[in-house]
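> Build the 3D model from these lines:
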Amino acid sequence: MNPSSLRYLLREGFRNILHNPMMAIASVGVLVSCLLLTGGAYLAFANIEHTFEWLYSQNVVVAYARDDLTDTQLRVLEDKIKGITNIDKVEFVSRNDILKKFKDSLPKAVYEEMKGENNPFPGTFVITFKELDEFKDTVRQIEQIPEVEDIGYNENTAKALSRIRHGVLLVGGCIIFMLFLVSLFIIANTIKLTVYNRRLEISIMKSVGATNAFVRIPFIIEGIVLGIISALLSYGIVYFIYSVIFDLFGKGLMGGMLGFSSVWYIVIILFSGIGILTGLAGSAISMRKYLKDEGGISNVI
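Sure thing, here's the model as predicted:
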């Protein structure tokens, strides 16, 4: 394809939009609405995932060391726990540190008596897991370490959090997929109206030997441009709304809201991908009938 033909096709793609402003505005408006719903769904579920990660960090396992372990043996035990694959973080709390936490709630004489060798508290390891799906297996590995006296944990909480997380991700994925199909349907029908209005011109082009690709490209350009415009508008609106909500409620929720700086690139890739893909696919779908069935001028006059 020579440069003059390419310039012509690009100009025709933009001309389709300028000559049909109301349909272009309607297409962008509906696609923006679908993208806003998609973006809102993604941000909602991203924040739910962020909250669950925070909850996971609160749902810790406590491992109690044997009383007869020396400081060196306690360090070795800590290394053994950290060596387990699913362990995310290990924090050691000494017997003296635990006793100090009860200082204000104990009579002074009792507190003094419990110091040193009479300290009844064991050395404790506060352990956070990476994945709660592997909760049972990881606990079993910790229990098998000889230096561990006992373990305290809440298995039911771990199971509940894991089930909720999987359910949320499944529902979120289904919602985003359905909204993508809605967007595809809308853009395809909008471009189909443009094609219908220009059906005589298309038939003339086909009659004088224009290839299917030559006829199709301006409409593909139109769909892609509409998709990009919709993506940029949607990104700006989502950024503004999310910033307002974050300023109002960002610090008040469990674990805090996820900062937009952590997901902006995902949002813009999601919007651009859906916008361009929808425009491209919608154009291809809407052109199929006219390139296959409306090949001659006799069909439209």
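> got the domain boundaries for the chain?
Domain segmentation of the chain under automatic domain parsing yields 3-55+160-299, 60-153.
> Would you format these as TSV with mean neighbour count and mean pLDDT included?
(Each C-beta comes from the backbone N, C-alpha and C, glycine too.) Formatted as TSV, these follow (neighbours: other Cβ atoms under 10 Å; pLDDT from 0 to 100):
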stretch	mean neighbour count	mean pLDDT
domain 3-55+160-299	17	75
domain 60-153	14	83
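> ok now whatever helix or strand G273 lives in, how far from the chain's centre?
Per DSSP states H and E: G273 is located in helix 264-292. Remark: helix 264-292 is offset 20 Å from the chain centroid, using Cα atoms, centre = their mean, to the nearest Å.
> Return the list of helices and strands in contact with it.
In terms of contacts (3 or more Cβ pairs under 8 Å, 6 or more residues apart in numbering; DSSP states H and E), helix 264-292 is packed against helix 21-58, helix 155-197, helix 199-207, helix 212-249.
> Spatially nearest residue to V126, not counting backbone neighbours?
Among residues not flanking V126 along the chain, E91 sits closest, at 4.4 Å (Cβ to Cβ, 6 or more residues apart in numbering).
> could you check the angle helix 21-58 makes with the helix or strand where that neighbour lies?
Using DSSP H and E, E91 falls within strand 87-93. Counting by axes from the mean of the first three to the mean of the last three Cα atoms, to 10 degrees, strand 87-93 points 40 degrees away from the direction of helix 21-58.
> partners of strand 87-93 in the sheet?
Partner strands and pairing direction for strand 87-93 (DSSP bridges) are strand 124-129 (antiparallel).
> Name the surrounding residues that touch the strand it pairs with.
Here strand 124-129 makes contact (Cβ atoms under 8 Å, 6 or more residues apart in numbering) with 56-57, 60-65, 77-78, 81, 86-93, 98, 135, 138, 142.
> same thing but 7 Å
With Cβ atoms under 7 Å, 6 or more residues apart in numbering as the test, strand 124-129 has contacts from 57, 60-65, 78, 81, 86-93, 98, 135, 138.
> Now find how far off-centre that strand is within its chain.
The answer for strand 124-129 is 29 Å, by Cα atoms, centre = their mean.
> With stretch 233-246 instead?
16 Å.
> Repeat that for stretch 229-237.
18 Å.
> quick revisit: tell me the angle the helix holding G273 makes with helix 212-249.
Using the same axes, to 10 degrees, helix 264-292 lies at 150 degrees relative to helix 212-249.
> Helix 264-292 versus helix 199-207: what angle between them?
Going by the same axes, to 10 degrees, helix 264-292 makes 70 degrees with helix 199-207.
> Make residue 1 into 41 and carry on from there
OK, 41 is where the count begins now, so the last one is helix 304-332.
> What about the chain, which residue is the most distant from its middle?
No residue in the chain sits farther from the centre than A149, which is 55.9 Å out by Cα atoms, centre = their mean.
> Is that one located within a helix, as I assumed?
Yes. The assignment for A149 is a helix, going by DSSP: H, G, I helix; E, B strand; the rest coil.
> secondary structure class for L117?
Applying three-state DSSP: L117 is helix.
> Contacts only, for it.
L117 neighbours (Cβ under 7 Å, 6+ apart): A105, L109, I185, E187.
> give me phi/psi at the nearest residue to the first one once chain neighbours are set aside?
Here the nearest residue to A105 in space, its sequence neighbours aside, is G163; by Cβ to Cβ, 6+ apart that works out to 4.1 Å. G163 adopts backbone torsions of phi -60, psi 140, taken as degrees, to the nearest 10.
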